[in-house]
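Asker: The following comprises the amino acid sequence and a computationally predicted model.
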Amino acid sequence: MARLTALLFALVAALALVSTHAFAPTPTFRNAATVSPSALNVDVKISVGDGEPIESALRRFKREVNKSGHLMELRHKRYFENTQEKKKRKIVQARNRKRIERMQRRKMSNRT
């Protein structure tokens, strides 16, 4: 249990460290010791059961990271995006979100 927790903590730290430099448009020459995992305010935690396989814990961890939205934010900050492009992207995201909500409501209404 403690070993899995330490492994997951190391994965979170590595993800935070890698994600700060993964989408940088220009090379950064910072010392790795100066960048702390909390610099991104990433607070993704999962609890691992005693008999739980590491694959399912990693799957749950990846799902939580995706739900937190940090990686998407980093992808959007990879290149400069002016306000008009940002507005268009937000409109498209809202449209897709509404479409999915409509589909889910329709699916739930057909169940009863």
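Answerer: Ah, there it is.
Asker: For this structure, which residues score under the pLDDT cut-off?
Answerer: For the chain, applying pLDDT under 70 flags the ranges 1-40, 112.
Asker: what about residue 84, neighbour count?
Answerer: Residue 84 has 8 neighbours, counted by other Cβ atoms under 10 Å. Every residue, glycine included, has its C-beta placed from N, CA and C.
Asker: Name the secondary structure element that contains it.
Answerer: Per DSSP states H and E, residue 84 falls inside helix 83-111.
Asker: Please apply the same query to residue 45.
Answerer: Element membership for residue 45, per DSSP H and E: none, as it lies in no helix or strand.
Asker: ok, now the one 5 residues further on?
Answerer: When elements are assigned from DSSP H and E, residue 50 belongs to no helix and no strand.
Asker: same check, this time on residue 55
Answerer: Following DSSP H and E, the helix or strand that holds residue 55 is helix 54-68.
Asker: Buried residues, that helix. List them.
Answerer: 57, 58, 61, 65 (16 or more other Cβ atoms under 10 Å).
Asker: And whichever helix or strand comes after that helix, what does it pack against?
Answerer: Scanning forward in sequence from helix 54-68 by DSSP H and E, the next helix or strand is helix 70-76. The elements that helix 70-76 packs onto, with contact taken as 3 or more Cβ pairs under 8 Å, 6 or more residues apart in numbering; DSSP states H and E, are helix 2-22.
Asker: Give me the distance between residue 89 and residue 73.
Answerer: Computed with Cβ to Cβ, to the nearest Å, the distance linking residue 89 and residue 73 is 12 Å.
Asker: cool, residue 87 as well?
Answerer: Using Cβ to Cβ, we find residue 87 at a distance of 16 Å from residue 73.
Asker: gap between the two ends of stretch 43-57?
Answerer: Taking Cα to Cα, to the nearest Å as the measure, stretch 43-57 stretches 16 Å from start to finish.
Asker: shift numbering so it begins at 215
Answerer: Sounds good: first residue 215 from here, last item stretch 257-271.
Asker: Next, the buried residues of it.
Answerer: Across stretch 257-271, burial judged by 16+ other Cβ under 10 Å covers 258, 260, 262, 271.
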